[in-house]
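S.K.: Just need the structure, nothing else, for what follows:
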Amino acid sequence: MDERQLRILRELGELGSVTAVAEALLVTPSAISQQLRLLQRSVRVPLTERDGRRLVLTEAGQALAAAAIEVETALARARHTVEEFVDRPGGEVSVAAFHSAGAAFFPLLLRALADPGAPVPRLADEDVPQEDFPRLTREYDIVLAHRLDHAPAWPPTVTATTLLREPLDVAMPADHPLAARRRVTPADVADEPWITVHDGFPVMATIEAIAAAAGRRLHLAHRINEFAVAAEAVAAGGGLALMPRWTMRRHPALVLRPLSGVQARRHIDALYRPERTARRAVRSVLTELRSAALLIRGESTP
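M.R.: Numbers count the residues shown, from 1 in each chain. Model (predicted):
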């Protein structure tokens, strides 16, 4: 039995005929009769009987019709509870991010949502290969993910809001010979040792593009995913590395140089399941993430 069938039974008890119920519910009498037959199959005792040309409720039908009132009341209360939850400006909103995005966005988000009554962010870091970010939307309301410009789009099971299109620059010690140049090319950097990410992570595809443009394989000296750790290795003379221009905190011993001849840019996207944004609190957090992106790019002031 379902809510619609129970309501029909209740209306039959109150209105006294299938025709009257059909008129009240704006359906055909045959549709009402079909729903009553389906309801009858779910119980072991007759719910209706003939009284002349009229279909009336049996005692069991009357008892179930009375229970239907309680069911409708409970469902109405449940719907009201859900509507209040959906429209509540506050409440917890879970946000996951890969490391460099978390370092850039999380402090801004916490400060923006510090007022009483604002959504309460529950933050987590998740360092996963690119293809695993959509799966995280099962566990979190919003997932900050990254992919390269030319990488495949996210699957249709998630919605993506692009927060940043961030250039990836070549990081080197400030006293490196290439630091005197305004820009560098794949040929300039191909013979240098490199510090790069593990296979499957977005930046690796740009490393491969540099090698292809230079016409030779790069020497991958170290594999370090965390940009802050990689920056320390670069400063110590361990090699060059690709670093995000905006989300990475500047290292005093390093300089960043734009890369010519290769498309070196990543998207930072907010991924979420469409139904999550039914909540006002989740929509508010997305708005604050977009505002934070402007601050990170230097297009706004706090």
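
S.K.: Local confidence estimate at the closest residue to residue 144 other than its chain neighbours?
M.R.: Nearest non-adjacent residue to residue 144, counting by C-beta to C-beta, 6 or more residues apart in numbering: residue 97, 3.7 Å away. To be clear about C-beta, it is placed using only N, CA and C from the backbone, and glycine gets the same treatment. Residue 97 carries a pLDDT value of 98.

S.K.: any idea how the protein splits into domains?
M.R.: Domain assignment of the chain by automatic domain parsing yields the ranges 3-87, 92-297.

S.K.: how far is stretch 235-250 from where the chain is centred?
M.R.: 28 Å (C-alpha atoms, centre = their mean, to the nearest Å).

S.K.: Equivalent analysis for stretch 98-107, please.
M.R.: Stretch 98-107 sits 16 Å away from the centroid of its parent chain (C-alpha atoms, centre = their mean).

S.K.: ok, now stretch 215-227?
M.R.: That offset, for stretch 215-227, works out to 30 Å (C-alpha atoms, centre = their mean).

S.K.: Just the helices from the protein, written as ranges.
M.R.: For the chain, the helices defined by DSSP state H occupy 3-15, 18-25, 29-41, 59-87, 99-112, 186-189, 203-214, 227-235, 280-297.

S.K.: got the buried residues for the fourth one?
M.R.: So the one you mean is helix 59-87. Judged by neighbour count using 16 or more other C-beta atoms under 10 Å, the buried positions of helix 59-87 are 61, 64-65, 68, 71.

S.K.: how far away is the closest residue to residue 253 other than its chain neighbours from residue 204?
M.R.: Distance criterion C-beta to C-beta, 6+ apart; nearest residue to residue 253, sequence neighbours excluded, is residue 235 at 4.1 Å. Relative to residue 204, residue 235 is positioned 22 Å away (C-beta to C-beta, to the nearest Å).
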